[in-house]
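Participant: sequence unknown, structure follows:
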């Protein structure tokens, strides 16, 4: 059995849940390690008309883009105002700090140790490569044009270098060499074609690159069976964050996290959708386990019969520590 290389995932990924106050608010993380985030993805949990917001340290804390929408980058001075030594600070923006709203914020540290890199680049309209610093081959890359109202574009290793998906849509995979130039990423670069959605000449882009790290993060695939005794998917860790997308049918990007649902009980594993503004809702589609997850219903977003799925997961705890000690079950 392979051991983890990261005994404390909270040094590189944490989920914060908090209640908004409509004014100024400092959110402090509660993990074992302090975490100053380099990327923050937040969403109100009890509101159905509020956008997701994504902020990062490369573009600057006040610069937001919306994973569920095509909007270009906007400066929102009263949203995320700073990334702090162990959390972040907010202004009065209702999407992340509406009074009495309940919120979730997923936070990542940019470092090769955790296999995560944020890359800013300017498009040139021609086939090319872009350098990254993941320290390994990226298994998922999410790209947004910052200057245009255009779709988010997603590469995953399981779906290959000739297909893409859109984070803001429920579409199945589509094939085109103009996105990734039919070229698989390496441990130092990823490739782009001439498609304007990822390489429009003179436009600014941001790319979020994720590599697998034993016991901490994983991009993988599985096949649904459409019943309550669904697929068990081994990740090698207890997921703190899990995003799933059907690749061969029009299904939403479903997100679970262990802070919103700390226990596995019937209809209690709350979910959000990356491509929708829907409020968080109780859901029985899967359980988060000490070493992976198991689908528990015929929910087509996670377990349609015969459908193919990809997932992106980050750890709350490794299944086995670097010294070979098993961690507690959920």
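Facilitator: Sure thing, it's come through. Keep in mind the model is a prediction, meaning the values are calculated, not measured.

Participant: Surely residue 56 touches residue 117?
Facilitator: No. Using Cβ atoms under 8 Å, residue 56 is not in contact with residue 117, being 11.0 Å away. Placement of C-beta: from N, CA and C, glycine included.

Participant: quick one: common contacting residues for the two?
Facilitator: Taking Cβ atoms under 8 Å, 6 or more residues apart in numbering as the contact rule, residue 56 and residue 117 both touch residue 208.

Participant: What's the local residue count around the residue nearest to residue 232 when sequence neighbours are not counted?
Facilitator: Nearest non-adjacent residue to residue 232, counting by Cβ to Cβ, 6 or more residues apart in numbering: residue 294, 4.5 Å away. A total of 16 residues lie near residue 294 under the criterion other Cβ atoms under 10 Å.

Participant: Next up, phi/psi of residue 294, please.
Facilitator: Taking degrees, to the nearest 10, you get phi -140, psi 130 for the backbone angles of residue 294.

Participant: what bridges to it?
Facilitator: residue 232, residue 287 (DSSP bridges).

Participant: Equivalent analysis for residue 89, please.
Facilitator: So, taking DSSP bridges as the rule, residue 89 has residue 26, residue 82 as bridge partners.

Participant: ok, it touching residue 18?
Facilitator: No. Residue 89 is not in contact with residue 18 according to Cβ under 8 Å; the separation is 11.7 Å.

Participant: joint contacts of those two?
Facilitator: What both residue 89 and residue 18 touch, as defined by Cβ under 8 Å, 6+ apart, is the set 25, 27.

Participant: of these two, who's got more company?
Facilitator: Ranked by neighbour count (other Cβ under 10 Å), residue 89 and residue 18 place residue 18 first, with 20 against 16.

Participant: For that one, give its distance to residue 275.
Facilitator: Distance of residue 18 to residue 275, computed by Cβ to Cβ, to the nearest Å: 24 Å.

Participant: for residue 96, helix, strand, or coil?
Facilitator: At residue 96 the chain is in helix, as set by DSSP: H, G, I helix; E, B strand; the rest coil.

Participant: Touching, it and residue 41? I think so.
Facilitator: No. With contact defined as Cβ under 8 Å, residue 96 does not reach residue 41; the gap is 10.4 Å.

Participant: Need the overlap of contacts for the two.
Facilitator: Residues touching both residue 96 and residue 41 by Cβ under 8 Å, 6+ apart: 53, 105.

Participant: More neighbours: these two, which one.
Facilitator: More neighbours surround residue 96 than the other of residue 96 and residue 41, with 30 against 22 (other Cβ under 10 Å).

Participant: Find the nearest non-adjacent residue to the more buried one, please.
Facilitator: The nearest residue in space to residue 96 (Cβ to Cβ, 6+ apart) is residue 42, at 4.8 Å.

Participant: now residue 105
Facilitator: residue 42 (4.1 Å).

Participant: Parallel or antiparallel, list what pairs with the helix or strand where the one you found lies.
Facilitator: If you go by DSSP states H and E, residue 42 is part of strand 39-44. Sheet pairing here is set by DSSP bridges, and for strand 39-44 it gives strand 53-56 (antiparallel), strand 102-108 (antiparallel).

Participant: among those strands, which is nearest residue 203?
Facilitator: Ranking those by proximity to residue 203 (Cβ to Cβ) places strand 53-56 first, at 17.5 Å.

Participant: buried residues in the next helix or strand after the closest one?
Facilitator: Sequence-wise, the next helix or strand downstream of strand 53-56 (DSSP H and E) is strand 60-65. Neighbour-count burial for strand 60-65 flags 61-65 (criterion: 16 or more other Cβ atoms under 10 Å).

Participant: What is the end-to-end distance of stretch 193-207?
Facilitator: 15 Å (Cα to Cα, to the nearest Å).

Participant: which residues make contact with it from outside it?
Facilitator: Outside stretch 193-207, the residues that touch it by Cβ under 8 Å, 6+ apart are 56, 58-59, 65, 73, 118-128, 130, 132, 141-148, 150-151, 153, 176-182, 190, 192.

Participant: which ones among these are found in helices?
Facilitator: Mapping those onto helices (DSSP state H) picks out 177-180.

Participant: Redo these as CSV? Include neighbour count, distance to residue 269 and pLDDT.
Facilitator: Output for those, formatted as CSV (neighbours: other Cβ atoms under 10 Å; distance: Cβ to Cβ, whole Å; pLDDT from 0 to 100):
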residue, neighbour count, distance to residue 269, pLDDT
177, 15, 38, 94
178, 16, 38, 96
179, 24, 33, 98
180, 25, 33, 98
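
Participant: State the distance from residue 184 to residue 303.
Facilitator: 28 Å.
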